[in-house]
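In: Predicted model follows, preceded by the sequence.
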Amino acid sequence: MSTVKEGYKYAETHEWVKVEGDIALIGISDYAQHELGDVVYVDFPEEGDEITKGEEFGAVESTKAASDLIAPVSGTVVAINGSLDDAPELINEDPYANWMIKVQLTDASELDDLMDADAYKAFCGE
Amino acid sequence: MEENKRTCLYDKHVALGAKISPFGGFDMPIEYSSIKDEHMAVRHAAGIFDVSHMGEIFVSGADAEKFVNHIFTNDVTDMPYGKILYGIMCYPDGGSVDDLLVYRMHGDKYLLVVNAANIDKDEAWIRENSKGFNVDIRNESDVYGQVAVQGPEAEEKVERLLKLDVKELAFYTFKEINTEGETIIVSRTGYTGEDGFEIYGSHAYINRVWDILVGSGEVAPCGLGCRDTLRFEVALPLYGHELSPEISPLMAGLGIFVKLDKEEFIGKEALLEQKTNGVAKKVVGIELNDKAIPRNGYPVEVNGEEIGTVTTGYHGLSVDKSIAMALIDARYAALGTEVEIRIRKKTFPGTVVKKKFYNKNYKK
C-alpha cells in the first residue's frame, strides 16, 4: 500500500504541496508514482514560468505512459529539481523527498482547497 | 460496453498483484513488479507471459493449402509438418487485416495464430473468403490457453522444470507432445527478440505450467508492458501500430514475408504496384537527441510540416535513448534525415535511423 505523508497537502490529481514560508515545493504522491511505474523523464516548466492552479505545468513519463502534471496552486516557478534530469527514478525511490519544482505562491488561500493526509488517504481508498 | 474477457490465468495475475488493463478485448496483466525489471529478466534470464488472449483458428480440408495461400502473403506450398511461417493477411488494396503465424499440422490442417483484438474480424474475413474452397474453419480460441517462455535461459527452464524435450526444436518449428492426457503444442517462437517457446494447451495444463515456472522462482512473470518494450526494441510490428488497414506489409518493411512470385493471394496486385512504384509511406526508426519520449500518435515534422506520426515510442530500456518507430512520408525515409517530433507543446529534433534498436538473439 502506498504511503501518505503528514505535513503535506494533496490534490485530487495526486500532486503534493509542502509549504516553506511563501514558497511551495511540488511533487507527486507515492500513490501516483506507484500507478505510473518506473519514471523515466520529467518534463519541467522553466524558471520564471507562471503556473495556474488546475492547469497543466509539465508531465511525468514512465515507461508505459505520459501523465500531465497539474498545478495544485498558482505561482511563479523559482526552481526546478535538476537532479531528476539525471535520475528520474528518484521519484519512485522517495516521492516525498524529491520535489519537482519550487513555486512562489500567488495566493496562499488556494492551499485551503487541498486535502490533508487523512483526507487524501481516504480519497485514495486506503 | 461489452465486458472484457479474462484468460484462464486471470486469477493468478490478480493474486500476484499485477496491474491489469484492457488489451484486445481482454483484461490483461501489464506489469507485476516493474516493466524494466521484467524486460531485463527476459533479455538476460527467463520470463513467462500469459498470451492466452491470442486466437487459434484451424483450417483443414482438401483445399486447405490452396486456401491458406489465397489469404496469406507468405507461401505455404509444400510446407512440411512442424514448420511455422510468419505472414500477413491483406485486403485487396494491400492494407493489413492482421499479422499471424501459420503452423503446418498433420494431414491437410493448418493452425493460424492471430491477434486477440482481431479474432472476430479475422474469423469473419477467413470465412467470407473461403467460398469455393473445400475447407473447414474452426475458431478454437476459447479452448486453448497459451504461455510464452522467453529469454536465454528459457530452453533450460522448459526442459528441467516442465520436463519437455525441446532442445532439438529449431527456430520457427513446433512439435506436439502427449502429456498429462492431452496433446500440447510447443513451438520455438516468440515476440521478444530472444530465444524461447510458446506453449499451447488446455486451460488446466497452462495453469499447471504457470504454477510450476512461476512457483520455481526461476522464471519471472512478465506483463504486456515489457512484451511491448521487448518487441519494439527489435522492431517487431504490433498490429494497430506498425500494421493496419492503412499500413501494408511493404510500408512496414516486411517485404520478405510477402511472396509476390506466388500465383495469387488477396492483395497481390496492389502490393505488386507498391513494390514497382514505391510506397507512399514507410515505417522508419527515429532517434531523438533529447530524453522526452515520443508516444503513439505524436506528429513527425520537417520544417513545421507534418510528414507522419509516431506508431510506437519509448525511452529505450536496453538502449538508453528516446526512440520511436513512425509511419512517415517515404520521401523523408532515408537514413540520416533530420526530423522533429512534436511532444506536447514543443518539438524535439531527431534523426531517421534503422528501426531495429537492439539485435535479436535467436537460437537458430
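Out: In hand now; what should we look at?

In: Please name the residues that touch the closest residue to residue A:56 other than its chain neighbours.
Out: Leaving aside its sequence neighbours, residue A:56 sits nearest to residue A:68 (Cβ to Cβ, 6 or more residues apart in numbering or on different chains; 4.5 Å). In this view, the C-beta of every residue, glycine as well, is placed from N, C-alpha and C. Contacts for residue A:68 (Cβ atoms under 8 Å, 6 or more residues apart in numbering or on different chains) come out as A:56, A:58, A:59.

In: in its sheet, what does the helix or strand containing residue A:68 sit against?
Out: Residue A:68 is part of strand A:66-70 when elements are defined by DSSP states H and E. Strand A:66-70 sits in its sheet next to strand A:56-62 (antiparallel), going by DSSP bridges.

In: Quick one: mean pLDDT for the partner strand?
Out: Mean pLDDT, computed over strand A:56-62, is 94.

In: can you list contacts of that strand?
Out: A:28, A:36-45, A:49, A:51, A:66-71, A:77, A:91, A:100-101, B:35, B:292-293, B:315, B:344.

In: Please list the residues of chain B that sit near chain A.
Out: Neighbours of chain A within chain B, by Cβ under 8 Å from any Cβ of the partner chain: B:19, B:30-31, B:34-36, B:225, B:229, B:291-293, B:295, B:314-315, B:317, B:322, B:343-344.

In: go with 10 Å
Out: B:19, B:21, B:30-31, B:33-37, B:39, B:223-226, B:228-229, B:290-295, B:298, B:314-317, B:320, B:322, B:343-346 (Cβ under 10 Å from any Cβ of the partner chain).

In: Just the helices from the chain, written as ranges.
Out: Since no chain was named, I'll use chain A. A:30-36, A:83-86, A:90-93, A:117-123 (DSSP state H).

In: My question was about chain B, not that one.
Out: B:10-15, B:35-44, B:64-71, B:119-128, B:154-162, B:203-215, B:224-233, B:268-277.

In: Deepest in the core, which of these is it.
Out: helix B:224-233 (a mean of 25; mean count of other Cβ atoms under 10 Å in any protein chain shown).

In: quick check: angle from it to helix B:35-44?
Out: 50 degrees (axes from the mean of the first three to the mean of the last three Cα atoms, to 10 degrees).

In: sorry, back to before: I would like a PyMOL command selecting only the buried ones among the contacts of strand A:56-62, please.
Out: Of those, the buried ones can be selected in PyMOL as follows, counting by 16 or more other Cβ atoms under 10 Å in any protein chain shown:
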select buried, (chain A and resi 28+36+37+38+39+40+41+42+43+44+45+51+66+67+69+70+71+77+91+100+101) or (chain B and resi 35+292+293+315)
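
In: can I see the domain layout of chain B?
Out: B:10-52+B:144-233, B:54-139+B:248-277, B:280-353 (automatic domain parsing).

In: hmm, back to that, so how far is the strand holding residue A:68 off the chain centroid?
Out: Distance of strand A:66-70 from its chain centroid, counting by Cα atoms, centre = their mean, to the nearest Å, is 10 Å.

In: can you check stretch B:77-93 too?
Out: For stretch B:77-93, the distance to the chain centre is 15 Å (Cα atoms, centre = their mean).

In: gap between the two ends of it?
Out: End-to-end span of stretch B:77-93 (Cα to Cα, to the nearest Å): 24 Å.

In: That one: which residues count as buried?
Out: B:79, B:82, B:84, B:85, B:86, B:87, B:88, B:89, B:90.

In: Could I get the residues you listed in CSV, plus columns for distance to residue B:302 and pLDDT?
Out: Converted to CSV, the buried residues of stretch B:77-93 look like this (distance: Cβ to Cβ, whole Å; pLDDT from 0 to 100):
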residue, distance to residue B:302, pLDDT
B:79, 44, 97
B:82, 48, 98
B:84, 40, 98
B:85, 38, 98
B:86, 33, 98
B:87, 33, 98
B:88, 29, 98
B:89, 33, 98
B:90, 30, 98
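
In: Kindly indicate which of those lies nearest residue A:112.
Out: residue B:88 (59.1 Å; Cβ to Cβ).

In: next one: stretch B:58-68 to chain centre, how far?
Out: Using Cα atoms, centre = their mean, the offset of stretch B:58-68 from its chain centre is 23 Å.

In: Stretch B:136-148 too?
Out: The answer for stretch B:136-148 is 16 Å, by Cα atoms, centre = their mean.

In: Now it: buried residues?
Out: Result for stretch B:136-148 [16+ other Cβ under 10 Å]: buried residues B:137, B:139, B:141, B:144, B:145, B:146, B:147, B:148.
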